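[1] Structural data only, the sequence is not supplied:
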């Protein structure tokens, strides 16, 4: 029945655009991106689709169809094997379908009342991930679920830091941080910047985060951590949170969790900081019996961030925060708003929304549950192994090919390397060579963007010059694709001017 | 081409479930919800769909199809006219399609490089909303967009509070809040609980939020605000943030923005707190020439939260934070992570991801842009007017019908009322009557959940007993639907036992 408040639109043509885009997932015959200047992009919409500007009146159905078609044409195809640019890629079509169905059923995952199926699915996914960590698996209707979904890894890390802060200083919730202890968080120099952002947001400031040195591969040095702890305590500060990274953004390094857990176990437990693992990228190794050794010791930490939208193909965003003592989510975040979380309502004990710092929540559970159900844990583990295998072979190739040089040892699915101009090959590199390499990267990248054949990233590695970062996250990538990217870099580098 | 890392699944049957669910949007013939106990729900999945538990192996395609079908059957149909329970309802099918296409194109809206179309669309939607507020409309490629999308209204409010805090105490980003000024935020007693949650997260604590009294309709009293400001300053505290609500959660009240702006304009500008409007629910009135008077004066505030997923039919989540001096987003939040926001990359000046406290961001722009393009601003305004018209008629009906009583004056699209047992009709109510009414609501609600015909909420209103809250947000609701809900309440109330 038509709505009394809205015109009924014939969506047939628009649905065909969705259907066609879905059918083309995994299509290798289009470029990864048709790179377009912002001015040209706006002009394309103005020509064919009524323009990007929005106004009082509606675009016509023809313009809307054209706008969707242009959107598909001019967007990045992150399922294309040329997309090796970021720590996510290759959305699983089953996740896409579940995500789309979630949009149809558009609800908030705050209460069992508004989201009965999704509440149980979220609890089940969290319990499944907790079990992979090695923690007990709460029942579906347990008073406290094993954690909570947050709208991204940064938000999960932020929540973990707040959990740690409230454990260290319970008065904070009432008093605020003024007048409280001088809390300080520790993280490695190569950790994700969300830790810095979280510290600023929480009011700890930059002074509230201390960066710990890493080894050449990008993993935190336990001896440097121990020194930092001693130094901070001697200065009267209180370390309350240690962030260990599983899969750093650039190098894919894993901080040595077991070693750090053992080091801390010798200290009195009342002063032991909250141990958090930012496994946004790397927690997926727990799906693989072969690769899970990289996170040995993880069962002893207090919380884990685990993004299913990175290495497991769930669509953006799908981030779980798992908490060893999940009751603390409630004591830290709950405010029991009486208009929403009525304790006298049926099944109110299952409600999830009050366990975080948001209110209404997009349903991220259906796509997560459905992807794990459709693939099974073992297959999600093989997806990780596939990337590691290719990365290992790629590292070997870079080592053997004189046109390239490895920037740092590989830890996981991330290979950082340079393309070398002919005169830099086969010799050691000095500061001037580094400056040349640093300047080369953006120029080659601009050419590659123009060609639209591959999206690979560069950035400074270990505070040195820009290096290329090849990420084996995308399940569509074959060995031939990886080799083709090397050849393309070589061709673009040689033909720069 | 099949992925080398993942089995190719035949998704035909699963797509049919999506197609059918999409085709049934707006269907009045099914119940709004088939209310199911958690235990029964899990049993239904166990019988037909391989069960909710996830394990090493995959569910079969038949089980997956059955799981999707069960998900549709057992979920709440928030587009059904019986869904009048929350401050969102009635996803627009055009938004659903755009959201689904966004899932296919699965990317992060952090950089122009990874999201060229969506970056420009987000900038355009933000500029359009800013123009409705009465602010200048930044160009699509302006150094600073008019604001930013956050993953929900709570996150937008949180960001606004942090912007205000950094303006009041710029040293905070470095030093932290310890040793800084004694900051305090003010909000009304009827404001959304996200303000309290934000204060705790930011480390202000409950002590860092002062609640200002409201009138009977739920709007902040400017005289009470003025008194609070004087009292706090006399106590040596520093009010840095005033949250004004446009459309409170329960009563739909609008705090008097123009009056409060005028009151503050007489104070020295250096001590003037940041003025924020939480328009998560109510900012949509700015789409309507007839209804925008409710936000008169809004152009003078510093920031506005505006959720397009509430009154405008965009799917969850779609929350914009508009900022009058948008440069402050950059100075407050940016950390310029060099692996992602390389300043030397093409079009890096357009990147949005560093302007918030997250990193990767789900693309919320396509569905927002597409919904406004498909409907036009004027039609989105009529959607709001439709709700207000029905609410006004409903209020009148409640006033005239002796079986019901109005709990408080109506402000907007929210009507709070009691169903009265026969012996309470036509007389004034004492404390014992209130206690009876309070206890009645959950019992009637439980019956209504069992019947699955309507989802209407109750909660304490103005600290009094539970009242029913009828929300005219859903564009599918007709006058006949609204009347039917009254009759149903009466029937359930009379037949309780």
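    Yep, that arrived. Not measured: the values here are computed from a predicted model.

[2] Can you pull out the low-pLDDT segments for chain A?
    Within chain A, the ranges that satisfy pLDDT under 70 run A:1-2, A:343-344, A:497.

[3] can you give me the strands in it?
    Chain-ordered strands for chain A, with DSSP state E as the definition, fall at A:83-84, A:147-150, A:183-188, A:209-212, A:238-245, A:274-279, A:303-307, A:319-323, A:404-406, A:414-419, A:455-460, A:466-471.

[4] Now do the buried residues in the third one.
    Okay, so that is strand A:183-188. The neighbour-count check on strand A:183-188 (16 or more other CB atoms under 10 Å in any protein chain shown) flags A:183-188 as buried. (C-beta placed from N, C-alpha, C; glycine too.)

[5] Given it, what are its sheet partners and their directions?
    Pairing partners of strand A:183-188, with direction, according to DSSP bridges: strand A:209-212 (parallel), strand A:238-245 (parallel).

[6] Could you save those strands as TSV and add columns showing mean neighbour count?
    Formatted as TSV, the entries for the strands paired with strand A:183-188 read as follows, by neighbours: other CB atoms under 10 Å in any protein chain shown:
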stretch	mean neighbour count
strand A:209-212	20
strand A:238-245	26
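
[7] Could I get these in JSON lines, plus columns for distance to residue A:176?
    Listed next are the strands paired with strand A:183-188 as JSON lines, based on distance: least, CB to CB, whole Å:
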{"stretch": "strand A:209-212", "distance to residue A:176": "19"}
{"stretch": "strand A:238-245", "distance to residue A:176": "16"}
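
[8] so, in contact with chain B or not, the lengthiest helix in chain A?
    Among the segments of chain A that qualify as a helix by DSSP state H, the longest is helix A:377-400. Yes: legend: contact between helix A:377-400 and chain B by CB under 8 Å from any CB of the partner chain is shown at A:377-379, A:382-383, A:386-387.

[9] Same check on stretch A:145-159?
    Yes: contact between stretch A:145-159 and chain B, assessed by CB under 8 Å from any CB, occurs at A:151-155, A:158.

[10] Same check on stretch A:218-237?
    No: against chain B, stretch A:218-237 shows no contacts by CB under 8 Å from any CB, the least distance being 10.8 Å.

[11] In that stretch, which residues are buried?
    Quick answer for stretch A:218-237 (16+ other CB under 10 Å): A:218-222, A:224-226, A:228-229, A:232, A:237.

[12] ok, the residue nearest to the spatial centre of chain A - contacts?
    Averaging the C-alpha coordinates of chain A gives a centre point, and the residue nearest to it by CA atoms, centre = their mean is residue A:280 (4.7 Å). Residues near residue A:280 by CB atoms under 8 Å, 6 or more residues apart in numbering or on different chains: A:87, A:153, A:156-157, A:192, A:247, A:305-307, A:310, A:319.

[13] go again using 6 Å as the cut-off
    A:153, A:305, A:307 (CB atoms under 6 Å, 6 or more residues apart in numbering or on different chains).

[14] Now do the same contact list for residue A:405.
    For residue A:405, the contact set (CB under 6 Å, 6+ apart) comprises A:418, A:420.

[15] How about it: which residues does it bridge to?
    According to DSSP bridges, the partner residues bridging residue A:405 are residue A:418.

[16] quick one: it from chain B, how far?
    According to CB to the nearest CB, to the nearest Å, residue A:405 and chain B sit 19 Å apart.

[17] Over to residue A:26?
    Here the distance between residue A:26 and chain B works out to 6 Å (CB to the nearest CB).

[18] Show me what from the stretch 301-450 of chain A comes close to chain B.
    Contact residues, the stretch 301-450 of chain A versus chain B (CB under 6 Å from any CB of the partner chain): A:315-317, A:335, A:337-339, A:344, A:346, A:357-359, A:362, A:372-378, A:383, A:386, A:442, A:446, A:449.

[19] could you flag which of those are buried?
    Looks like these have A:315-317, A:335, A:337-339, A:346, A:357-359, A:362, A:372-377, A:383, A:386, A:442, A:449 buried, using 16+ other CB under 10 Å.

[20] What is the burial count for residue A:322?
    Counted with other CB atoms under 10 Å in any protein chain shown, the burial measure for residue A:322 works out to 29 neighbours.

[21] close enough to count as contact, it and residue A:128?
    No: with the criterion set as CB atoms under 6 Å, residue A:322 and residue A:128 do not qualify as a contacting pair; they are 10.2 Å apart.

[22] Now do the residue nearest to residue A:371 when sequence neighbours are not counted against residue A:52, distance only.
    Of all residues beyond its chain neighbours, the one nearest residue A:371 is residue A:95 (4.5 Å), with distances taken as CB to CB, 6 or more residues apart in numbering or on different chains. Using CB to CB, to the nearest Å, we find residue A:95 at a distance of 29 Å from residue A:52.

[23] Of these two, give the one with the bigger neighbour count.
    Here residue A:95 and residue A:52 are compared on neighbour count by other CB under 10 Å; more neighbours surround residue A:95, at 28 against 24.

[24] And the helices in the stretch 251-400 of chain A?
    Using DSSP state H, counting those that start in this stretch, the helices of the stretch 251-400 of chain A run over residues A:257-265, A:327-333, A:365-375, A:377-400.

[25] Return the most buried member of those.
    Each of the helices of the stretch 251-400 of chain A was scored by mean neighbour count; the highest is helix A:365-375, a mean of 28, by mean count of other CB atoms under 10 Å in any protein chain shown.

[26] so can I have a markdown table of the strands of chain A showing distance to residue A:203?
    Converted to a markdown table, the strands of chain A look like this (distance: least, CB to CB, whole Å):
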| stretch | distance to residue A:203 |
| --- | --- |
| strand A:83-84 | 38 |
| strand A:147-150 | 19 |
| strand A:183-188 | 10 |
| strand A:209-212 | 12 |
| strand A:238-245 | 13 |
| strand A:274-279 | 17 |
| strand A:303-307 | 20 |
| strand A:319-323 | 20 |
| strand A:404-406 | 41 |
| strand A:414-419 | 33 |
| strand A:455-460 | 29 |
| strand A:466-471 | 33 |
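
[27] so which of those strands gets nearest residue B:472?
    Distances from residue B:472 to each of the strands of chain A were compared by CB to CB, and the smallest falls on strand A:147-150, at 30.6 Å.

[28] Partner strands of the closest one and their direction?
    strand A:319-323 (antiparallel).

[29] contacts for the partner strand?
    Contacts of strand A:319-323 (CB under 6 Å, 6+ apart): A:126, A:129-130, A:146-150, A:152-153, A:156, A:159, A:303-307, A:329.

[30] can you rerun that using 7 Å?
    Residues lying outside strand A:319-323 but in contact with it, judged by CB atoms under 7 Å, 6 or more residues apart in numbering or on different chains, are A:125-126, A:129-130, A:133, A:146-150, A:152-153, A:155-156, A:159-160, A:163, A:280, A:303-308, A:329.

[31] try stretch A:378-390
    Stretch A:378-390 has contacts (CB under 7 Å, 6+ apart) with A:284-285, A:287-291, A:311-312, A:372, A:412-413, A:472-473, A:475, A:477, A:479, A:482, B:4-7, B:56-58.

[32] can we see that at 8 Å?
    Residues beyond stretch A:378-390 that count as contacts (CB under 8 Å, 6+ apart) turn out to be A:284-285, A:287-291, A:311-313, A:372, A:375, A:412-413, A:472-475, A:477, A:479, A:482, B:4-7, B:56-58.

[33] Counting neighbours, which of the contacts of residue A:280 comes out on top?
    Most crowded among those, counting by other CB under 10 Å, is residue A:305 at 32 neighbours.

[34] can you pull the contacts of the closest residue to that residue other than its chain neighbours?
    Nearest-residue entry for residue A:305: residue A:156, 4.0 Å, with adjacent residues in sequence omitted and distances by CB to CB, 6+ apart. When the contact criterion is CB under 8 Å, 6+ apart, the partners of residue A:156 are A:150, A:280, A:305-307, A:319-321.
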